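Colleague: sequence and predicted model, in that order:
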Amino acid sequence: MSDLKTAALEYHAHPRPGKLSVELTKATATARDLSLAYSPGVAEPVREIARDPELAYKYTGKGNLVAVISDGTAILGLGNLGPLASKPVMEGKGVLFKRFAGIDVFDIEVDSESPQAFIDTVKRISITFGGINLEDIKAPECFEIEKALIEQCDIPVFHDDQHGTAIVTAAGMINALEIAGKTLSDAKIVCLGAGAAAISCMKLIVSMGAKLENIYMVDSKGVIQSERTDLNQYKAMFAHPSSKRTLADALDGADVFVGLSGPNLLSAEGLKSMAANPIVFACSNPDPEISPELAHATRNDVIMATGRSDYPNQVNNVLGFPFIFRGALDVRAKRINEEMKVAAANALRELAKLPVPQDVCDAYGGAKLEFGREYIIPKPMDKRLITLISDAVAKAAIETGVATLPYPKNYPLQSVDDVFNG
Ligand SMILES: NC(=O)C1=CN([C@@H]2O[C@H](COP(=O)(O)OP(=O)(O)OC[C@H]3O[C@@H](n4cnc5c(N)ncnc54)[C@H](OP(=O)(O)O)[C@@H]3O)[C@@H](O)[C@H]2O)C=CC1
Ligand SMILES: CC(=O)C(=O)O
Ligand SMILES: [Mg+2]
């Protein structure tokens with residue numbers, strides 16, 4: 001077994017299985033404590049919540065509890081391996097929510113026979129939570145599922161692979177283009193993949209200034225263009241007249257490659273045919289569309305990012321979802337709207353340009369990190385993410401009328417330790 005495989009299995013198995021546990025937040029040492037926590041005292045908040053459902057936020061953990069829910073149909077880039085196999089990833093998302101934003105998570109893996117069964121299941125349990133993070137659900141079903149749940153639930157419902165990925169990709173792409181001396185409005189962009197992540201990423205960058213006619217989306221059957229008759233409505237939004245048919249056709253002269261598809265699908269030849277200072281976001285997990293080693297060996301002017309933690313420029317939704325939910329929960333937003341997403345992308349993009357604190361450099365091997373080809377986007381360990389992104393999201397929620405609480409007294413948060421000092 002490879003070192004990483006052995007270490008990863010050991011990490012998950014020992015000293016106890018999994019990565020998360022439930023912790024107590026109140027005293028439980030005495031009979032008196034138990035008579036408050038459970039019978040008879042627990043009856044008092046029950047009566048209060050029955051009288052006024054909003055009081056669930058006051059007397060239970062609802063307001064800081066997010067459900068991470070999957071059906072296991074698109075686990076990372078590993079494919080449809082079923083709900084149980086998705087559990088390590090969902091627990092992993094729980095780790096990130098807690099570590100970076102102080103948010104409690106129940107991971108829920110749903111064995112559903114249809115999108116409607118999944119929707120019904122999630123709807124029925126949604127009252128337990130302050131928010132719902134949908135994860136690793138394949139396209140096109142994910143679009144219908146998310147839309148229905150947003151309509152039916154009065155808490156934020158957010159498909160992370162769509163919007164978390166889009167926010168982080170947009171931030172990284174705008175910064176990488178700036179470093180390359182290019183602009184989003186002129187960039188020729190190839191997106192390999194036309195699923196949950198790809199469709200949402202391309203929609204967000206169009207809303208931030210990219211031109212639809214400059215985007216070539218490529219699925220497993222080739223370039224998405226007007227003569228295709230096999231496109232679902234989501235792919236069809238990106239069809240335009242073009243003589244390009246293959247990934248190789250699309251890459252010729254392109255400024256940007258975004259991979260949201262699967263492993264090793266971008267060849268050295270394809271990369272060679274791109275324009276000067278090509279930007280390559282090979283975001284498939286765990287194995288990117290092209291390895292950074294091959295990309296750098298192929299061209300010395302490439303600006304390279306992956307979704308992984310072990311290379312520079314990690315374009316991964318971990319830079320988004322913990323902080324976006326933190327901001328949304330803290331103003332009790334009813335939904336996460338487009339303005340909140342754009343605010344998050346802009347906050348992330350701007351943070352990359354600020355001087356990087358020494359503790360962040362130390363967590364990544366000690367070398368000085370500075371805005372440039374090897375540092376286009378902040379690192380997940382940067383404590384300023386919660387300060388800036390959660391603040392931007394909360395303010396956007398307030399400004400657009402989806403917040404039901406005022407700007408929090410403890411904002412902007414200086415660290416995750418500030419969360420309950422409100
Ligand atoms: N770095 C990050 O933060 C994130 C990365 N991702 C990565 O993006 C990838 C897709 O995830 P997601 O969108 O959720 O999954 P989906 O199942 O929704 O979409 C997968 C897409 O990949 C396409 N695809 C698969 N094989 C090929 C191929 N050989 N050539 C061209 N296209 C191909 C599929 O094409 P078709 O439509 O023809 O079937 C489909 O459009 C995964 O690898 C995942 O790890 C996802 C979210 C976040
Ligand atoms: C990062 C992530 O959510 C994915 O690869 O699916
Ligand atoms: Mg995912």
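Modeller: All right, it came through fine. Ligands and ions are numbered 1, 2, ... in the order given.
Colleague: residues in contact with the residue nearest to residue 361 when sequence neighbours are not counted?
Modeller: Once flanking residues are discounted, residue 361 sits nearest to residue 369: 5.3 Å by CB to CB, 6 or more residues apart in numbering. Placement of C-beta: from N, CA and C, glycine included. By CB atoms under 8 Å, 6 or more residues apart in numbering, the residues touching residue 369 are 356, 360, 361, 375, 379.
Colleague: part of a helix, is residue 142?
Modeller: Yes. Membership of residue 142 in a helix is supported by DSSP: H, G, I helix; E, B strand; the rest coil.
Colleague: contact residues of the stretch 101-250 of the chain facing ligand 1?
Modeller: Within reach of ligand 1 by CB under 6 Å from any ligand atom, the stretch 101-250 of the chain has these residues: 138-139, 161, 165, 192-198, 218-221.
Colleague: from those, which two are the most distant?
Modeller: For these, the farthest-apart pair by CB to CB is 165 and 221; their separation is 22.3 Å.
Colleague: higher neighbour count, those two?
Modeller: The neighbour comparison of residue 165 against residue 221 (other CB atoms under 10 Å) goes to residue 165, with 27 against 12.
Colleague: how far away is the more buried one from residue 239?
Modeller: Residue 165 sits 22 Å away from residue 239, going by CB to CB, to the nearest Å.
Colleague: the residue in the chain that ligand 2 sits nearest to: what's it in contact with?
Modeller: Nearest residue of the chain to ligand 2 (CB to the nearest ligand atom) works out as residue 285 at 3.6 Å. Neighbouring residues of residue 285 by CB under 8 Å, 6+ apart: 76, 77, 307, 308, 316.
Colleague: one more time with 6 Å, if that's ok
Modeller: Residue 285 sits next to 76, 77, 307 when contact means CB atoms under 6 Å, 6 or more residues apart in numbering.
Colleague: now for residue 13, how many residues are close by?
Modeller: Residue 13, neighbours per other CB under 10 Å, totals 10.
Colleague: hang on, I meant residue 194
Modeller: Counted with other CB under 10 Å, residue 194 comes out at 24.
Colleague: with residue 360 instead?
Modeller: The burial count for residue 360: 16, using other CB under 10 Å.
Colleague: three-state assignment of it?
Modeller: Under three-state DSSP, the three-state class of residue 360 is helix.
Colleague: and the closest residue to it other than its chain neighbours, how far from residue 137?
Modeller: What sits nearest to residue 360 in space, not counting adjacent residues and going by CB to CB, 6+ apart, is residue 382, at 4.9 Å. Relative to residue 137, residue 382 is positioned 29 Å away (CB to CB).
Colleague: and those two? which has more neighbours close in?
Modeller: residue 137 (27 against 22).
Colleague: next, the residue nearest to residue 361: secondary structure please.
Modeller: coil.
Colleague: and it, what are its phi and psi?
Modeller: Dihedral angles of residue 369 (phi, psi; degrees, to the nearest 10) stand at phi -100, psi 130.
Colleague: quick one: it from residue 358, how far?
Modeller: Counting by CB to CB - residue 369 and residue 358 are separated by 10 Å.
Colleague: so what does the residue nearest to residue 158 when sequence neighbours are not counted have for phi and psi?
Modeller: Distances taken as CB to CB, 6+ apart place residue 336 nearest to residue 158, at 5.1 Å, with adjacent residues excluded. Dihedral pair for residue 336: phi -110, psi 110, per degrees, to the nearest 10.
Colleague: can you check residue 158 too?
Modeller: Here residue 158 shows phi and psi, under degrees, to the nearest 10, equal to phi -140, psi 120.
Colleague: so it touches residue 333, yeah?
Modeller: No. Using CB atoms under 6 Å, residue 158 is not in contact with residue 333; the gap is 10.5 Å.
Colleague: more neighbours: the two, which one.
Modeller: The neighbour comparison of residue 158 against residue 333 (other CB under 10 Å) goes to residue 333, with 28 against 25.
Colleague: go ahead and confirm that one touches residue 402.
Modeller: Yes. Contact criterion CB under 6 Å: residue 333 and residue 402 qualify, at 4.8 Å.
Colleague: ranges for the strands of the stretch 151-300 of the chain?
Modeller: For the stretch 151-300 of the chain, applying DSSP state E, counting those that start in this stretch gives strands covering 157-159, 189-192, 215-219, 222-223, 256-259, 279-282.
Colleague: highest mean neighbour count out of these?
Modeller: Most buried of these, by mean neighbour count (mean count of other CB atoms under 10 Å): strand 279-282, with a mean of 29.
Colleague: what helices or strands is that strand leaning on?
Modeller: Where contact means 3 or more CB pairs under 6 Å, 6 or more residues apart in numbering; DSSP states H and E, strand 279-282 is packed against strand 256-259, strand 303-306.
Colleague: who's in contact with residue 32?
Modeller: By CB under 6 Å, 6+ apart, the contact list for residue 32 is empty.
Colleague: element containing it, please.
Modeller: helix 31-37 (DSSP states H and E).
Colleague: next SSE after that helix?
Modeller: That would be, after helix 31-37 and using DSSP H and E, helix 43-51.
Colleague: now residue 330. Nearest residue, chain neighbours left out?
Modeller: Closest to residue 330 by CB to CB, 6+ apart is residue 408, at 4.9 Å.
Colleague: how much space between residue 149 and ligand 3?
Modeller: To ligand 3, residue 149 is 17 Å away according to CB to the ion, to the nearest Å.
Colleague: oops, could you answer that again for residue 416 instead?
Modeller: 22 Å.
Colleague: tell me the phi and psi of the nearest residue to that residue once chain neighbours are set aside?
Modeller: Closest residue to residue 416 apart from its sequence neighbours, by CB to CB, 6+ apart: residue 102 at 4.6 Å. Geometry field for residue 102 lists phi and psi as phi 70, psi 20, criterion degrees, to the nearest 10.
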